[in-house]
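# Sharing a model prediction with you, sequence too.
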Amino acid sequence: MKKIAFLINGTAKGKEILKLKLINKFDNYQLSFHVSTYAGEAVEFAQEVINNRIDYLIVVGGDGTINEVINGCMKCQKVLLDTISIGVLPYGSGNDFSKSLGIKKDLDQLKKLIENDISGPVDIGKIDYINSDDQRESRYFINITDVGIGGVAAEKLSKNRRLMGAKITYHKVILQSFFSYKPVEIDLKSDAIKWKGKILSLCMANGNYFANGMCIAPQANLSDGKIQLVIMGKVSIFDYIKNLSNVKKGKILEHPEITYVKVDSCIIDAKKRSCPIDMDGEFIGYAPLELKVIKAGLNFLQIN
């Protein structure tokens, strides 16, 4: 009998009813459940269940919970990671990574993926950066990390109550950040591009979507061994608002201050504490940073 471990975000609505539905839906599997109660707990849980040898680890939550699970997975031995598949049941305030996987909030879809073992490799991004204590730190991401205004917005979001919903709150915070954020100069170096100048934002995208459905990186591919950089230089608030609909539609933006390029690694240098980092919706620290891609780092249940 195959083993499935469910990690449920503690803030997910209706989690007790959902648990009963999962028990009924997967009655021919050996199931275990864990509800996270504090930030970082999913990291520990992922390590524990993988070391205990399971077949499927299903994340019931959003991008933040997935990020924690990924960081727990990457602490495990590669020989163990090669034997499991990670799945996602989107129950978070931000579910952007699941869109790139083609995954919906659908128990029938999840069961079909598991029964038929429909899965594939997904690349992992690794960032070496400066944390809030001015110490070097490493962290992994699966969707999108960005520097610039996104870091400011992520810091503000952590202090905002999302009474108006995640999408409205995010755009409100972004607009507020336009008035407080001063573009900073960065020095980007990689084999594919060398770029120096002031940025509004620089996105490092493994997945296509961020910010609750914004297709910022339409050419990103989860398994090509590359990260798509989206460099936004001197982009005004007017340009941001004007292009929102095109970003939502996944269009490549024709703008002299926007550059798209794919890399397998890069270094971003900036003045100390001038360039904040947003990783999958969370403020984590500052540039300078070094990005590396771990090709086919994990196996995910997926449609796309």
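Great, that's in hand.
# For Lys271, give me its contacts.
Lys271 is in contact with 184-185, counting by Cβ atoms under 8 Å, 6 or more residues apart in numbering. Yep, even glycine has a C-beta here, placed from its N, CA and C like the rest.
# cool, and Leu113?
87, 119, 301-303.
# can you tell me which of those lies nearest to Met232?
Gln302 (28.7 Å; Cβ to Cβ).
# Distance check, that closest one against Leu222.
8 Å (Cβ to Cβ, to the nearest Å).
# Give me the common contacts of those two.
101, 122.
# so of the contacts of Leu113, which ones are in helices?
Per DSSP state H, helices hold no members of the contacts of Leu113.
# Of those residues, grab the buried ones for ChimeraX.
Filtering the contacts of Leu113 down to the buried ones (16 or more other Cβ atoms under 10 Å) takes a single ChimeraX command:
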select :87,119,301,302
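# Assign Ala154 to helix, strand or coil.
Following DSSP: H, G, I helix; E, B strand; the rest coil, the label given to Ala154 is helix.
# from what I can see it touches Gly285, true?
No - counting by Cβ atoms under 8 Å, Ala154 does not reach Gly285; the two are 11.0 Å apart.
# joint contacts of those two?
In contact with both Ala154 and Gly285: Pro276, using Cβ under 8 Å, 6+ apart.
# domains of the chain?
3-92, 124-295 (automatic domain parsing).
# if you average pLDDT over the shortest one, what comes out?
Within the predicted structure, the mean pLDDT of domain 3-92 is 95.
# swap in the longest one?
Averaged across domain 124-295, the pLDDT comes to 89.
# shift numbering so it begins at 32
Got it, the first residue is 32 from now on, which makes the last one we talked about domain 155-326.
# nearest to Lys225, of the contacts of Leu144?
Gln333 (34.1 Å).
# For that closest one, which non-adjacent residue is closest in space?
Leu132 (4.2 Å; Cβ to Cβ, 6 or more residues apart in numbering).
# thinking again about what came up before, which two in the contacts of Leu144 are spaced the farthest apart?
Every pair of the contacts of Leu144 checked by Cβ to Cβ; the farthest is Gly118 and Ile334, at 11.6 Å.
# got any residues that touch both of these two?
Residues touching both Gly118 and Ile334 by Cβ under 8 Å, 6+ apart: 134, 144.
# Which stretches in the stretch 182-331 of the chain count as helices?
197-211, 268-273, 275-279 (DSSP state H, counting those that start in this stretch).
# Dump the last one to PDB, restricted to CA.
Taking C-alpha atoms only, helix 275-279 is exported to PDB below (Å, rounded to 0.1, in the frame of the first residue of the first chain):
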ATOM      1  CA  LEU A 275      -1.400  45.200 -16.100                       C
ATOM      2  CA  SER A 276      -3.900  43.600 -18.500                       C
ATOM      3  CA  ASN A 277      -1.100  42.400 -20.900                       C
ATOM      4  CA  VAL A 278       0.800  40.900 -18.000                       C
ATOM      5  CA  LYS A 279      -2.300  39.000 -16.900                       C
END
